[in-house]
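Q: The following comprises the amino acid sequence and a computationally predicted model.
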2 protein chains.
Amino acid sequence: MDDIGAKARAAAAELAFASASARKAALEAAADAVAASEARIMAANAEDLAYGREKGLSPAMMDRLLLDGARIAAIVNGLRAVAAQKDPVGEVIAEWDMPSGLHIRRVRTPLGVIGVIYESRPNVTADAGALCLKSGNAVILRGGSESFHSSRAIHGCLVQGLRSAGLPEAAIQLVPTRDRAAVTQMLRAVGTIDVIVPRGGKGLVGLVQTEARVPVFAHLEGICHVYVDKAADPEKARRVVLNAKTRRTGICGAAECLLVHRDVAETLGQQIVDDLIAAGVEVRAEGLRGSSAANSDDFGREFLDMIIAARVVDDVDAAIAHIRHYGSSHTEAILTEDDATAERFFARLDSAILMRNASTQFADGGEFGMGAEIGIATGKMHARGPVGAEQLTSFKYLVEGQGTVRS
Amino acid sequence: MDDIGAKARAAAAELAFASASARKAALEAAADAVAASEARIMAANAEDLAYGREKGLSPAMMDRLLLDGARIAAIVNGLRAVAAQKDPVGEVIAEWDMPSGLHIRRVRTPLGVIGVIYESRPNVTADAGALCLKSGNAVILRGGSESFHSSRAIHGCLVQGLRSAGLPEAAIQLVPTRDRAAVTQMLRAVGTIDVIVPRGGKGLVGLVQTEARVPVFAHLEGICHVYVDKAADPEKARRVVLNAKTRRTGICGAAECLLVHRDVAETLGQQIVDDLIAAGVEVRAEGLRGSSAANSDDFGREFLDMIIAARVVDDVDAAIAHIRHYGSSHTEAILTEDDATAERFFARLDSAILMRNASTQFADGGEFGMGAEIGIATGKMHARGPVGAEQLTSFKYLVEGQGTVRS
């Protein structure tokens, strides 16, 4: 890891003033390389799938791991889309003059070296690598051990892109081991890694909390809540809850818990529960007739599956209290036609994303108009919500005078 | 510390939706209380001064510790100025519509609980407390042990302000002990303190690096460099270097190291060294005729005194290499009339503030037009350069639809 870290720092120093066009060319060449390497990537993926079957991975995890023609095409398009985005490095964010005669510019700069720790989704290798390069950062990638071969094959294409653009190959490195100790080493690499982006569930949350010495942009669990208020529009509420839970269950913006105002529990609330059950969702309910009774550990749980917890609450304040206690500061939605209630929900909760009369599945950089993203940050430092290239930068002040001194 | 932390969290939850006018009123009342308590604060300060004399503090440290009528008036004015500033909380930073029908707002929010660890400057108690309150945060203050009584007296006035505005008194807490263990406890208070602002020198740098588990906005040493290029305008260079070193030696923006291009070392360089010596500065020089020869440990040192290190370098790249090695990423200045050289200095260095033909003493929130500041952040995460109320905030996304679902 020391060697990887030293190479990353050297690459970051070069990248800090590499041209935007070189970084763009590297991403385009990487896209071409992925397209040309489909067969090799599929073969690597077959090895991972065999390993996954042997390890007895769940169908959901096997699906995340799987690459096919369409998914590889999506990786190619993703790389091209990032290449085409506006370059953030060197952008003048603000510019002004002072009475002293100083002219001040605030200019966007790379962060330095970013470490990305992620689960076994091979496409993240390309997405994270591309966004870090776009923002002028060197990156050390550490993917889930089940996607080891697929990630390595994709990483090889990224390196081809760097090479063809004359950029240091160490700008995008993949930790070449399945050893879990590498994760701890990354979390403690003060002075080498400037920030860690951890993407994952409960296991990684715990590890980050105890081990991290490096600053972290947490992209951890998405325990998203939907609260159906007594003033909800029934049609909107039924549509939104169904979409929030079932459109895709494996993404971090999927709803994991339904809260219903007591006054509409028997009517609209039960209707929504019935809708969910009819759609094949297992509803673990308290105060509503679900598929089964909720256990206490069903609240605050990220199912990432066709399962939802449901509970009746007294009012919006009880919903807020529940979310504060069980939520993960990712995304929460309220269904209500009452402006004051919506305002209270917006003011008193502090999740990265709060929604009114809209599906939590919109928690996505593309749906926010930000282009590709590395994930949804649930922390409050530096990055928050969808993290695209721009949020992977810092800034510096450039100040010009004419021999100006301070009196 | 656990009790202080729990009270701070509770206060932060209330502050997050306290009105701007209440926070403003609290700051105005605190200013009134400081003005009315001048005698009591001076008496407390006398205790600290006696303790400092007994401990054998340096004249520079005794001066930092000292409060008099003018300094107390400055504290009062500082509190009023922060009260009068635009309120950052709830500000809509950006707002846009998406084709999906979603309306998205990015809104400024408090960070939560801020811990400020600072040296024995009693005025920081007021400045830091005021800025944290202005930005809707609860704060735990831990000042230097030598200013214990002065800080306590000023803190009492802040609490009076909070009380009179009906805000929780625990919004601004002062650690009621001189025990150094409290600093370590703060640095490790994950889940209680959201961010630590450490302001101090080498001792605190080391402690933060080994002990911090909480995110940190480092306000550490200011090892500021001034590089006199071969294309420098002699008049501007002489004026700026003299100002950068001597205007005030005890602030973090004071120059601590002079670098001179080889081609002008004998002429302009020696002239500047002679100017400095004539002004009473001790110049520890290498390749120039200074007051004494520089030792290797004079480079990378924050003197905060009438002392400067000086060295001849081959060219701008050698100056950049020196600064990368010895600097603290605070503020560096170049004196040159050559645009390409200035551009290279600006592009290849990554200090928070880079200046051309201007004195490093301008590294100050007021001189940047930002109003009061808690210090100059030398890190790259979240806050950088002068940190005012705005940089003590985060943001959240508020998203509104009309029963909008994702396809």
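A: Good, I have the coordinates. Keep in mind that what you see is a predicted model, and the values were worked out from it rather than measured.

Q: Just read off the phi/psi values of whichever residue of the stretch 101-250 of chain A sits closest to chain B.
A: The nearest approach of the stretch 101-250 of chain A to chain B comes at residue A:236, 2.9 Å away (CB to the nearest CB). C-betas here are computed from N, CA, C, even on glycine. Dihedral pair for residue A:236: phi -60, psi -40, per degrees, to the nearest 10.

Q: Next: residue A:57.
A: In terms of degrees, to the nearest 10, the main-chain angles of residue A:57 are phi -60, psi 150.

Q: Could you pull up the contacting residues of it?
A: Residue A:57 makes contact with A:65, A:146, according to CB atoms under 8 Å, 6 or more residues apart in numbering or on different chains.

Q: Likewise for residue A:31?
A: A:76, A:77, A:79, A:80, A:83, A:161.

Q: residue ranges with poor pLDDT in chain A?
A: Of all residues in chain A, none has pLDDT under 70.

Q: max-length strand in it?
A: Taking DSSP state E as the criterion, chain A has its longest strand at strand A:393-404.

Q: Listing partners with orientation, what would you give for that strand?
A: With DSSP bridges as the test, strand A:393-404 is paired with strand A:103-110 (antiparallel), strand B:353-358 (parallel).

Q: right, and those strands - which one's nearest residue A:395?
A: Checking the strands paired with strand A:393-404 against residue A:395 by CB to CB gives strand A:103-110 as the closest, at 5.3 Å.

Q: SS state for residue A:273?
A: helix (DSSP: H, G, I helix; E, B strand; the rest coil).

Q: ugh, typo on my part, it should be residue A:193
A: Secondary structure for residue A:193, judged by three-state DSSP, is coil.

Q: now it: how far from residue A:173?
A: Going from residue A:193 to residue A:173 by CB to CB, to the nearest Å gives 11 Å.

Q: ok so, going back, just checking, which of the contacts of residue A:31 belong to helices?
A: Using DSSP state H, the members of those that fall in helices are A:76, A:77, A:79, A:80, A:83, A:161.

Q: Widest-spaced pair of the residues you listed?
A: Based on CB to CB, the longest span within these runs between A:77 and A:161 and measures 15.0 Å.

Q: just to revisit the earlier point, the residue of the stretch 101-250 of chain A closest to chain B - nearest residue in space that isn't next to it in sequence?
A: Spatial nearest neighbour of residue A:236, excluding adjacent residues (CB to CB, 6 or more residues apart in numbering or on different chains): residue B:403 at 2.9 Å.

Q: show me what contacts the one you found?
A: Counting by CB under 8 Å, 6+ apart, residue B:403 touches A:233, A:235, A:236, A:237, A:239, A:240, A:357, A:358.

Q: In ChimeraX, select just the buried ones from those.
A: This is how ChimeraX selects the buried members of these, with burial counted by 16 or more other CB atoms under 10 Å in any protein chain shown:
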select /A:233,236,237,239,240,357,358
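
Q: Let me have the contacts of residue B:403 in TSV, adding distance to residue A:129 as columns.
A: Converted to TSV, the contacts of residue B:403 look like this (distance: CB to CB, whole Å):
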residue	distance to residue A:129
A:233	44
A:235	43
A:236	40
A:237	41
A:239	37
A:240	35
A:357	37
A:358	31
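
Q: of all the contacts of residue B:403, which two lie farthest apart?
A: It's A:235 and A:358 that sit farthest apart of those, by CB to CB, at 14.0 Å.

Q: Within range of chain B, give me the residues from the stretch 1-150 of chain A.
A: With CB under 8 Å from any CB of the partner chain as the criterion, the stretch 1-150 of chain A meets chain B at residues A:16, A:17, A:96, A:98, A:100, A:102, A:104, A:109, A:111, A:112.

Q: Keep only those of the residues you listed that are in helices.
A: Going by DSSP H, the helices hold none of the residues of the stretch 1-150 of chain A next to chain B.

Q: just the buried members of those?
A: Buried among those (16+ other CB under 10 Å): A:16, A:98, A:100, A:102, A:104, A:109, A:111, A:112.

Q: Do I have it right that the third one meets residue B:367?
A: Spelled out, that is residue A:100. Yes - under the criterion of CB atoms under 8 Å, residue A:100 makes contact with residue B:367 at 6.5 Å.

Q: Identify the contacts common to these two.
A: With CB under 8 Å, 6+ apart as the test, residue A:100 and residue B:367 both reach residue A:406.

Q: Per the annotation, how does chain A divide into domains?
A: Following automatic domain parsing, chain A resolves into domains at A:2-219+A:374-400, A:224-367.

Q: Throw those into a markdown table and include distance to residue B:57, thanks.
A: A markdown table is the format used below for those (distance: least, CB to CB, whole Å):
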| stretch | distance to residue B:57 |
| --- | --- |
| domain A:2-219+A:374-400 | 32 |
| domain A:224-367 | 43 |
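
Q: Identify whichever of those lies nearest to residue B:225.
A: Set against residue B:225 and scored by CB to CB, those come closest in domain A:2-219+A:374-400, at 14.4 Å.

Q: beta partners for residue A:313?
A: Under the criterion used (DSSP bridges), residue A:313 bridges to residue A:261.

Q: I figured it was touching residue A:323, is that so?
A: No - between residue A:313 and residue A:323 there is no contact, the gap being 9.8 Å when judged by CB under 8 Å.

Q: Could you name every residue contacting both of those two?
A: In contact with both residue A:313 and residue A:323: A:227, A:259, using CB under 8 Å, 6+ apart.

Q: More neighbours: these two, which one.
A: residue A:323 (27 against 22; other CB atoms under 10 Å in any protein chain shown).

Q: Please list all residues in contact with that one.
A: Here residue A:323 is in contact with A:225, A:227, A:259, A:332, A:349, A:351 (CB under 8 Å, 6+ apart).

Q: which two from these end up farthest apart in space?
A: A:259 and A:351 (13.8 Å).

Q: ok, which residues in the stretch 301-407 of chain A are in contact with chain B?
A: With CB under 8 Å from any CB as the criterion, the stretch 301-407 of chain A meets chain B at residues A:342, A:346-348, A:350-359, A:361-362, A:367-369, A:380-382, A:384-385, A:394-406.

Q: All good on my end, thank you.
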